[in-house]
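Colleague: Predicted structure and sequence below. I'll ask about it afterward.
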Amino acid sequence: MTTAPHKQEQVTLDTFLRGIWEENPVFVMLLGMCPVLAVTNSTLNAIAMGLATLFVLVASGTLVSLLRKMIPREVRIATYIIIIATFVTMVDYAIQAISLDLYNSLGAFIQLIVVNCVILGRAEAYASRQRVGAAVVNALGMGVGFTIALLCLGTVRELLGAGSILGYPVFSPDFQPWVVMILPPGGFFVLGSWLLLFEWLKQRRERRTLQSEGATAHGS
Amino acid sequence: MDPDSVQFIFLNAAIVNNFVLALFLGICPFLGVSAKKETAWNMGLATMFVMLVSSVCAYGINLLLVRFDIEFLRLISYIAVIASAVQLVEMALKKFSPGLFRALGIFLPLITTNCAILGLALFQTFREYNFIQSLAFSIGAGVGFTLALMLMSGLREKLELARVPTVSQGAAMSLMLAGLLSLAFMGFAGLGSSHA
Amino acid sequence: MNESVQLRSQTSSLAMLRTLGGIAMISGFLVVLVFQWTRPIIAENKRIAIEKAVFQVVPNAVSRKDFVLGPEGISPFGRKAKGETVYAAYNSKGELQGIALEAAAPGYQDVIRILYGYSPKCECVTGIKVLKMTETPGLGDKIAYDPDFLRNFYGLDGTLNEAREGLAHAIVAVKHGSKTEPWQIDAISGATISSKAIGRMIDASGARMFPLIQRHLAGFRQEVVSAERPDES
């Protein structure tokens, strides 16, 4: 229960970039898994979901940050949830108005953005403590990071599972699609593989820095 | 089997379209609290209980919303009611059954942001289930969730004894396991529909 | 600093209520605004979607009208009547071309929902369109687009029995390549369960609805004549 005033962060490039790489909500923090796995069976769905989440993140971050001095601590979570639910409802109707097909293929997962831990997490851990500018930039970064992660999954799954990207066939007609990739297990496998790749990259880098440090220590 | 029958809805929610392994609802607790069988069991029970409560609440609210023609407030009222229902359950447990509270207590707040609960409420509304069907659906979903959690924790306990490459330890390994489980559950597809 | 912590943690209930009330007001306002703004667009989208599906399953249709049809009779859509919503489709002269009905049955994964057309004149099914399904891509989902399978439904026999209360022959999907009768559906090989589900749902819906349609046929005709071409009646 620390309510000590938090240091106001200066808005730098890092405020934005952090969400994309260092604190990527999906690959690093493993948050908001439900939509990540459920709607990434095609690239288009992944983009739509990413943008919807991005909008809700930025809008709720802005409002929470604007109201941060007025919200009593006791009811803060309830307030955040209401704010988030409001913006999600707006997105829900907007998508229905834009394309009914898209809405049907995303199904209930648009409305389930409400319980995406990334958004509540950002509101609680960042937007409620920072000035509007920083909150918006940070939310943008997180949203873009989330969208990129969805795209990483969506393109791989569509490419392998249907042999196309955004509906356009990529391979020759003889290509036998790996149907399992657009089925539920494929979601787990592809995300698992991405995590493996990132972990491997991280460990390799660590080993290299260790080696080079060892080398310099030897040399001197 | 008739698609509207209680048995079909139950089987469908519990096994064929398992909430975790086929619909990806409730992945966070699935990966987070599936390290030990005991915690998994408690988490499953708590979720099942909350699912039942919120399914009943959601059914009641939807009646009201439709009655007054204000369905655009559905999402906001569902999430508000689920959050307060969880809070109430927590308080009631604390008062009347401290033993159970100690077992389930820490999981209850986590459940509020579990998409399986909100997903359940939304699905039962979209599919226009009546009261009995909603009950069957929520119990089925709860059983399915517990089943998935138990299977996963069993696998992970065994895995602790195995030697896996360091790169694949942790989340990546869990996801691969979940993928295999999900693959296995696909075998249940067609259950209850082949002979009718 | 300790004091400020103390002060903060003792927020009065009034402040809490004020905040929650204020937020609820803002959110209610925003939601209603968006809802009002998007409602006509969404209604239009839905109308186009239904219309497209109806015109796809009933050949030569250009306009449609919704009815509720049940054991108690027929009534225009919107009135509180018991029964199923059906879409009557008319050609450019305002003549009844066919009626589109919805049907559902559990398939391989989950419930499959379709819209299918029925022509009262030839007493046959004129086409189907899958509205919702989660069948396996590449296998079961062929029911939605496989041309050979869809050809089954251009003129699928749905003749009523002598008593005019049910189908003369049950509509049924048979194993791929073994179709011999006009009321049979040639199943897709490798997707027999999904194909059979389609057969079952049309059979159940047809046995229930076709007799009703034939009995209340005048209701579909009169409605459009009085509504669109009053001079001809």
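Modeller: Happy to help now that I have it.
Colleague: Up against chain B, what does chain C have?
Modeller: Counting by CB under 8 Å from any CB of the partner chain, the positions of chain C adjacent to chain B are C:27-28, C:31-32, C:35, C:104-111, C:136, C:193, C:197, C:200. For every residue, glycine as well, the C-beta is placed using N, CA and C.
Colleague: Quick check, central residue of chain A?
Modeller: residue A:146 (2.0 Å; CA atoms, centre = their mean).
Colleague: Go ahead and list the helix or strand containing it.
Modeller: Applying DSSP states H and E as the criterion places residue A:146 in helix A:132-162.
Colleague: what about the residue lying closest to the residue nearest to the centre of chain A once chain neighbours are set aside, how many neighbours?
Modeller: The shortest distance from residue A:146 to any non-neighbouring residue, by CB to CB, 6 or more residues apart in numbering or on different chains, is to residue A:25 (5.1 Å). Neighbourhood size, residue A:25 [other CB atoms under 10 Å in any protein chain shown]: 27.
Colleague: same question, residue C:24
Modeller: Neighbours of residue C:24 (other CB under 10 Å): 15.
Colleague: Give me the local confidence score for the residue nearest to residue A:146.
Modeller: Looking at residue A:25, its pLDDT is 84.
Colleague: any idea how far residue A:141 is from it?
Modeller: 10 Å (CB to CB, to the nearest Å).
Colleague: Check the contact lists of the two and give me the overlap.
Modeller: Residues touching both residue A:25 and residue A:141 by CB atoms under 8 Å, 6 or more residues apart in numbering or on different chains: residue A:19.
Colleague: what ranges do the helices span in chain A?
Modeller: Taking DSSP state H as the test, the helices found in chain A are A:13-17, A:33-38, A:43-66, A:76-98, A:100-106, A:117-122, A:132-162, A:184-219.
Colleague: Between those, which one is closest to residue B:129.
Modeller: Nearest to residue B:129, of all the helices of chain A, is helix A:100-106, at 19.3 Å by CB to CB.
Colleague: Okay, buried residues for the closest one please.
Modeller: For helix A:100-106, the neighbour count (16 or more other CB atoms under 10 Å in any protein chain shown) marks A:100, A:102, A:103, A:106 as buried.
Colleague: residue nearest the centroid of chain C?
Modeller: Note: chain C centre (CA atoms, centre = their mean) maps to residue C:102, 3.9 Å.
Colleague: what about the nearest residue to that one once chain neighbours are set aside, distance to residue C:59?
Modeller: Spatial nearest neighbour of residue C:102, excluding adjacent residues (CB to CB, 6+ apart): residue C:115 at 5.5 Å. Distance, residue C:115 to residue C:59, by CB to CB: 14 Å.
Colleague: what about the two, which has more around it?
Modeller: More neighbours surround residue C:115 than the other of residue C:115 and residue C:59, with 20 against 15 (other CB under 10 Å).
Colleague: that's a strand at that one, yeah?
Modeller: Yes: assessed with DSSP: H, G, I helix; E, B strand; the rest coil, residue C:115 lies in a strand.
Colleague: Enumerate every residue touching it.
Modeller: C:53, C:54, C:57, C:87, C:100, C:101, C:102, C:103, C:128, C:129, C:131.
Colleague: Next step: those restricted to helices.
Modeller: Per DSSP H, the subset of the contacts of residue C:115 in helices is C:53, C:54, C:57.
Colleague: Output the residues you listed as JSON lines; include the columns pLDDT and distance to residue C:162.
Modeller: As requested, the ones in helices among the contacts of residue C:115 are exported to JSON lines (pLDDT from 0 to 100; distance: CB to CB, whole Å):
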{"residue": "C:53", "pLDDT": "90", "distance to residue C:162": "33"}
{"residue": "C:54", "pLDDT": "91", "distance to residue C:162": "31"}
{"residue": "C:57", "pLDDT": "90", "distance to residue C:162": "28"}
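Colleague: Would you mind listing what in chain C touches chain A?
Modeller: C:1, C:4-5, C:8-9, C:11, C:15-16, C:19-20, C:22-24, C:26-27, C:30-31, C:34-35, C:38, C:41-42, C:45-46, C:49, C:132, C:136-139.
Colleague: from those residues, which ones fall inside helices?
Modeller: C:4-5, C:8-9, C:15-16, C:19-20, C:22-24, C:26-27, C:30-31, C:34-35, C:38, C:41-42, C:45-46, C:49.
Colleague: quick one: the helix ranked longest in chain B near chain C?
Modeller: Counting residues, the longest helix found in chain B (DSSP H) is helix B:37-68. No: Helix B:37-68 lies out of reach of chain C by CB under 8 Å from any CB, never closer than 12.7 Å.
Colleague: Up against chain B, what does chain A have?
Modeller: A:30-31, A:33-34, A:37-38, A:77-78, A:81-82, A:85-86, A:88-89, A:92-93, A:108, A:111-112, A:114-117, A:120, A:180, A:183-189, A:191-193, A:195-196, A:199-200, A:203.
Colleague: Run through the residues that contact residue C:155.
Modeller: Per CB under 8 Å, 6+ apart, neighbours of residue C:155: C:122, C:124, C:125, C:126, C:182.
Colleague: which phi and psi does it have?
Modeller: phi 90, psi 30 (degrees, to the nearest 10).
Colleague: What separation do you get for it and chain A?
Modeller: Going from residue C:155 to chain A by CB to the nearest CB, to the nearest Å gives 29 Å.
Colleague: For that residue, give its distance to residue C:213.
Modeller: Residue C:155 is 17 Å from residue C:213, by CB to CB.
Colleague: repeat for residue B:4
Modeller: Residue B:4 is 23 Å from residue C:213, by CB to CB.
Colleague: So between these two, which is more surrounded?
Modeller: For residue B:4 versus residue C:213, neighbours defined as other CB under 10 Å are more numerous around residue C:213 (24 against 15).
Colleague: neighbours around residue A:183, how many?
Modeller: Around residue A:183 there are 22 residues (other CB under 10 Å).
Colleague: So it sits against residue B:189, correct?
Modeller: No: using CB atoms under 8 Å, residue A:183 makes no contact with residue B:189, being 9.9 Å away.
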